[in-house]
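Participant: sequence and predicted model, in that order:
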Amino acid sequence: MIMEYLLVQDVALSTAPSYAAVTKLQSWPQLPECTEQSLVSQLQTTLDIQQQLNIVSMATGKVLPLSSLTVKTAVGDFTASGSCAADFEYKSVLVLNQQCLAELIYQSDYAFTPMIQRELLLLESEWLFALRNALVVSRLQQMALKDTLTGLGNRRFFDDSFDKTVQLAKRHNDSCALILLDLDNFKQVNDNAGHSAGDEILLAVADTLRDMLRCTDSLFRFGGDEFAVLLSGQDTSSAELVARRLVRAINQHHRCQQHNVSASAGLALLKPEQDGKHLFAAADSALYAAKEAGKSTVRVA
Ligand SMILES: Nc1nc2c(ncn2[C@@H]2O[C@H](COP(=O)(O)OP(=O)(O)OP(=O)(O)O)[C@@H](O)[C@H]2O)c(=O)[nH]1
């Protein structure tokens, strides 16, 4: 179903953390009267889909007490926090100019009678333009962070995620690991077999890495033939094993073997006294050492 939404070509990012909208709406009556006009105005104050959903869920609380409200879009699913399962469910598709924007899923302990459904439809119509704008912004934000060839996070996304991962690890007295991977002899593929053969190798490598990593790991392409993997939490202790497995998988990939392409990797683990810059420099040096050691291998900082 989600594949039919507007901006269907986009890969959905994970959902943003939600707010206490559903629980709040139970006490909505003490808040000022929410006219249809003021709902539109409120929705125009933000381009954040999660915040718009919270505004809608509070307004919907005027129609009937909700237990849960979820919106499914091409850029991800968003749920008002405090949501919990209820007996009655009602789904509605939001369409604007014959384009499917999203699917709304309501849950309540009260039945969605035809009259309630009509009132919900009116509220939904107030959301359409604001939601369309928020989806476009979200799509642009995603594009700015994605490598167009492989769909992996790009260098800008890496920089942001890397800082956050390091800060989080430090705050929790935890560690994290960085693996920098660089293909060996990749240039000759472009030179001998053409740029599209080179692109196919990059796609095969991206798929291989994606398949081998856990969803909690983060994978990026820096551009060129260089990739980065961020491991946090419990993965850190086995980071060397992970790095060796990744390199082996690339080396054994039939398309890479066909063109004599392999991979080298440098691994570094965050030490308590280090910051992100140290960690990156250490992984980079380890990668350099792996290349110097004859390629197709892993070095640990
Ligand atoms: N096909 C393709 N080639 C790219 C892309 N981005 C960069 N390249 C090429 O990737 C190559 C990377 O160069 P190097 O890292 O020196 O190539 P290498 O042969 O792997 O070098 P070593 O790492 O020393 O083995 C360059 O020839 C770039 O033109 C891309 O998106 N597609």
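Facilitator: That came through, no problem.

Participant: going forward, measure contacts between C-alpha atoms and count neighbours the same way
Facilitator: OK.

Participant: give the buried residues for the longest helix that the chain contains.
Facilitator: If you go by DSSP state H, the chain has its longest helix at helix 114-145. For helix 114-145, the neighbour count (16 or more other CA atoms under 10 Å) marks 117, 120, 123-124, 126-128, 130-135, 138-139, 142-143, 145 as buried.

Participant: give me the subset of the residues you listed that also touch the ligand.
Facilitator: Contacts with the ligand within the buried residues of helix 114-145, counted by CA under 6 Å from any ligand atom: none were found.

Participant: what about Phe220, is that helix, strand or coil?
Facilitator: Here Phe220 is strand, with the state taken from DSSP: H, G, I helix; E, B strand; the rest coil.

Participant: how much space separates it from Val137?
Facilitator: 22 Å (CA to CA, to the nearest Å).

Participant: same deal with Lys91?
Facilitator: 25 Å.

Participant: where do the strands sit along this protein?
Facilitator: For the chain, applying DSSP state E gives strands covering 68-73, 76-79, 88-96, 99-108, 176-184, 218-223, 226-232, 262-269, 298-300.

Participant: which of those strands sits closest to the ligand?
Facilitator: Nearest to the ligand among these is strand 176-184; the distance by CA to the nearest ligand atom comes to 3.4 Å.

Participant: so what are the sheet partners of the closest one and their directions?
Facilitator: strand 226-232 (antiparallel), strand 262-269 (antiparallel) (DSSP bridges).

Participant: which one of the ones you listed is the most hemmed in?
Facilitator: strand 262-269 (a mean of 27; mean count of other CA atoms under 10 Å).

Participant: so how far is that one from its chain's centroid?
Facilitator: In terms of CA atoms, centre = their mean, to the nearest Å, the centre of strand 262-269 is set 24 Å apart from its chain centre.

Participant: repeat for stretch 103-111
Facilitator: Computed by CA atoms, centre = their mean, the chain-centroid distance of stretch 103-111 equals 26 Å.

Participant: again with stretch 248-264
Facilitator: Relative to its chain's centre, stretch 248-264 lies at 28 Å (CA atoms, centre = their mean).

Participant: pull the residues that contact that stretch.
Facilitator: With contact meaning CA atoms under 8 Å, 6 or more residues apart in numbering, stretch 248-264 is reached by 181-186, 189, 201, 204-205, 208-209, 247, 287, 290-291, 295-298.

Participant: can you show me the CA trace of that stretch as CSV?
Facilitator: The C-alpha coordinates for stretch 248-264 follow below in CSV (Å, rounded to 0.1, in the frame of the first residue of the first chain):
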residue,chain,number,x,y,z
ARG,A,248,35.4,-11.3,2.8
ALA,A,249,31.9,-10.9,1.4
ILE,A,250,33.0,-8.2,-1.0
ASN,A,251,36.1,-10.2,-2.0
GLN,A,252,33.9,-13.2,-2.7
HIS,A,253,31.2,-11.4,-4.7
HIS,A,254,31.1,-12.8,-8.2
ARG,A,255,31.0,-9.4,-9.8
CYS,A,256,34.0,-8.2,-7.8
GLN,A,257,35.9,-11.3,-8.6
GLN,A,258,35.1,-10.9,-12.3
HIS,A,259,36.8,-7.5,-12.3
ASN,A,260,39.5,-8.4,-9.7
VAL,A,261,38.1,-5.9,-7.3
SER,A,262,38.5,-6.5,-3.5
ALA,A,263,38.1,-4.4,-0.4
SER,A,264,40.4,-3.0,2.3
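
Participant: all good on my end, thank you.
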